[in-house]
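>>> Turn this into a structure:
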Amino acid sequence: MRERPKRVTLRDVARESGLSPTAVSYALRGLHVPVATQERVRTVATRLGYQVDPIARALASGRTGYVGVLCGSLQDIWQQHVAAALGRELLEVGRHALIVDASNSPALEAKLAGQLVDQRVDALIVLWVDPGGPHWPDIARRTLLVSIGDGLPGALTAAEVVFDNDTGVAQALGQLHDAGHRRIAVLTPSARSSPQRPAEVVLSRVSAELGMQVRLHMSPHDLDGAAAAAAEALSADPSPTAFFCLADSMAYGVYAAAGRLGLRIPEDISVLGYDDNPVSQLLTPPLSNYRWPVDAVVAQAVERTVRAIDTDKRSRRKLVTPVAQPRGSVGPPRMA
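Residues are numbered from 1 along each chain as shown. The predicted structure follows:
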């Protein structure tokens, strides 16, 4: 039977380098020894095939090098994009992402957040489902918690990169109002009984100011589920003349439902998205929406996460503003 090759240890590198194991450990981490010594030790380690034991490193430093990324729903193409970008950006700074999907379930979100903390992630970045969940304060006490999208009230987060929903929602409703729409169906991932997303709070306030009737409809991110939610909204009496979807993936469901019902966009029903997925430009007509600077959001989130890990310093909230992308899916309401 073939013997397994012996694992090269830190002592082997120390013996070959003529240094103590402590000095070698410092050199490999870039600490307390001259640069020339660091380079010499790394050369020896590479030649011998030495690999850092992640468990030993975690025990020695209290850090694992892993950052949890908890997504509300990876059926949302925008969240897929953000999660992939976070993984790449974290890898650039020597961290590894553990990406998990809460499937738009508050209960699963709480369970996964706890499991990631139990795995000793150095920090947890969340694109949450339920900002009011009772688990967040405890998670923030157990690890560094970073929120993307909106803040987590009641939890002491290390950083927050939040969306300027006041601007985005006000512009969206204003655009529909200027086109003549007064009855709006809003597709949202939140439960009907307890809408808690900041965007929904702004919706209530701005629609009242503009004299618009807005109804919230819970929608999943997958195409069939969003189409069913849109069809239900269209069956109301009186029916809406326009949809505002808090994710482009939900807007795709409106297009599907409209097609099945023989409705034209925007002649019969107008549709407005909220996160400018590239696929939205390929629809007929192209979907009007709002562009959030994903690269800037990810860069800000990772920079603040790494700073919190390395220095335990918390960052001020970063506010991100959307840019309107008018295309062809919004027009005046159809005459009765």
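>>> going forward, measure contacts between C-alpha atoms and count neighbours the same way
Will do.
>>> pretty sure Val330 is in a strand, no?
No: under the criterion used here (DSSP: H, G, I helix; E, B strand; the rest coil), Val330 is coil, not part of a strand.
>>> List the contacts of the spatially most central residue of the chain.
By CA atoms, centre = their mean, the chain has its centre lying nearest to Leu127, at 3.8 Å. Going by CA atoms under 8 Å, 6 or more residues apart in numbering, Leu127 touches 69-72, 79, 147-149.
>>> Start from the N-terminal end of the stretch 151-300 of the chain and give the helices.
Counting by DSSP state H, counting those that start in this stretch, the stretch 151-300 of the chain has helices at residues 165-178, 198-210, 223-234, 248-260, 294-311.
>>> Any idea how many residues pack against Gln300?
The burial count assigned to Gln300 is 16, neighbours taken as other CA atoms under 10 Å.
>>> quick revisit: Asp122 is nearest to which of the helices of the stretch 151-300 of the chain?
Of all these, helix 294-311 sits nearest to Asp122, with 6.6 Å by CA to CA.
>>> next one: that closest one to chain centre, how far?
Between the centre of helix 294-311 and the centre of its host chain there is 13 Å, according to CA atoms, centre = their mean, to the nearest Å.
>>> Just name whatever secondary elements that helix is in contact with.
helix 77-92, strand 123-127, strand 144-149, strand 159-163 (3 or more CA pairs under 8 Å, 6 or more residues apart in numbering; DSSP states H and E).
>>> how many neighbours does the residue nearest to the residue nearest to the centre of the chain when sequence neighbours are not counted have?
Closest residue in space to Leu127, ignoring its immediate chain neighbours: Cys71 at 4.9 Å, by CA to CA, 6 or more residues apart in numbering. Neighbourhood size, Cys71 [other CA under 10 Å]: 25.
>>> What's the per-residue pLDDT of Cys71 here?
Per-residue confidence for Cys71 comes out at a pLDDT of 96.
>>> list the contacts for it?
By CA under 8 Å, 6+ apart, Cys71 lies in contact with 79, 83, 99-102, 126-129.
>>> still on that earlier bit, right, and the helices and strands packed on helix 294-311 - which one's nearest Ala299?
Across the helices and strands packed on helix 294-311, Ala299 has its closest neighbour in helix 77-92 (7.1 Å, CA to CA).
>>> ends of stretch 69-87, how far apart?
8 Å (CA to CA, to the nearest Å).
>>> Would you pull up how far it lies from the middle of the chain?
5 Å.
>>> That one: which residues count as buried?
69-79, 82-83, 85-87 (16 or more other CA atoms under 10 Å).
>>> Same check on stretch 312-321?
The neighbour-count check on stretch 312-321 (16+ other CA under 10 Å) flags 314-315, 317-318, 320-321 as buried.
>>> okay, the residues you listed in TSV with pLDDT and secondary structure next?
Output for the buried residues of stretch 312-321, formatted as TSV (pLDDT from 0 to 100; DSSP: H, G, I helix; E, B strand; the rest coil):
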residue	pLDDT	secondary structure
Arg314	89	coil
Ser315	90	coil
Arg317	91	coil
Lys318	93	strand
Val320	92	strand
Thr321	92	coil
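>>> Reformat the residues you listed as CSV; add distance to Ser329.
As requested, these are arranged in CSV below (distance: CA to CA, whole Å):
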residue, distance to Ser329
Arg314, 42
Ser315, 39
Arg317, 34
Lys318, 31
Val320, 25
Thr321, 22
